[in-house]
Structures are given as structure tokens and as C-alpha cells.
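Q: Give the three-dimensional model of this entry:
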Amino acid sequence: MATTWIRITASQRITKGSCQVGAVIVAPSGDTKEGNATLYDGESTVDTRLLIVRSGKGITREVVFPVPLVCHRGLYVVIGGSLDECLIQYDPLKQ
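A: You can find the predicted model right below:
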């Protein structure tokens, strides 16, 4: 499962085709800052929103899916607030 990691610091498309997400880690940019990462099933924000992972003030948040989160139409991630980085573990699925 999910053998590819990507580190992003700005909103971007992660995959064009379908994939499975194994984990998401969000890290705020400082002890008094908080932020979030919003995952979409698709290639932009007009697609279906799957979830929002929020960090606390100065708290790194990790979400590990016991069963992979399947994105059928691609994966797009929006960085919000004051995130320093977002790490995503994913596995592209064969088309």
C-alpha cells in the first residue's frame, strides 16, 4: 500500500488519475499558528471534497487510514491557514 510520499507547501494537484491515500501529516508554521489541508477527489477545488485535516496551534497532526482512502478522479490538496508543510502518503492506481 501507499509507497509514495510527497511534501507540499502550497496547494496543488498530487495525481491526475485514481490513487489510494494512506496517511496525511500537517505541520503548522509555528507554536502559535494553525492550518489545514483539504483533500479533494479530483484535480481542483470544484471536485468532491473528501476531508479536512487540521493542525492545532503548534501541533502537528497525523491521520493514518486503516483502510486506504480511495480517490477515483485524482487527488488535489489545498493548503490553508499557516501550514509549514503537508506530507501525503499515496499509491497511484493502475488505470
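Q: isn't Thr15 right up against Asp91?
A: No - in this structure, Thr15 is not within contact of Asp91 by C-beta atoms under 8 Å, at 9.5 Å. Quick note: C-beta positions are derived from backbone N, CA and C, even for glycine.
Q: Between the two, tell me which one has more neighbours.
A: Thr15 (20 against 14; other C-beta atoms under 10 Å).
Q: Point out where this structure drops to low pLDDT.
A: 1-2, 95 (pLDDT under 70).
Q: Quick one: the strands in it, in order.
A: Under the criterion DSSP state E, the chain contains strands at 4-8, 12-15, 19-28, 35-41, 48-54, 61-71, 75-81, 83-92.
Q: Can I get the last one in PDB? Just the C-alpha atoms.
A: Yep, that's strand 83-92 we're talking about. Extracted in PDB, the C-alpha atoms of strand 83-92 (Å, rounded to 0.1, in the frame of the first residue of the first chain):
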ATOM      1  CA  LEU A  83       0.900  25.300   7.400                       C
ATOM      2  CA  ASP A  84       4.600  24.900   7.000                       C
ATOM      3  CA  GLU A  85       4.100  21.600   5.100                       C
ATOM      4  CA  CYS A  86       1.800  18.800   4.400                       C
ATOM      5  CA  LEU A  87       3.100  15.200   3.800                       C
ATOM      6  CA  ILE A  88       0.900  12.800   1.900                       C
ATOM      7  CA  GLN A  89       1.500   9.000   1.500                       C
ATOM      8  CA  TYR A  90      -0.300   7.700  -1.600                       C
ATOM      9  CA  ASP A  91      -0.200   5.000  -4.200                       C
ATOM     10  CA  PRO A  92      -1.300   5.700  -7.800                       C
END
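Q: Near the closest residue to Ile79 other than its chain neighbours, how many other residues are there?
A: Nearest residue to Ile79 in three dimensions, chain neighbours excluded: Ser11, at 5.1 Å (C-beta to C-beta, 6 or more residues apart in numbering). Ser11 has 16 neighbours, counted by other C-beta under 10 Å.
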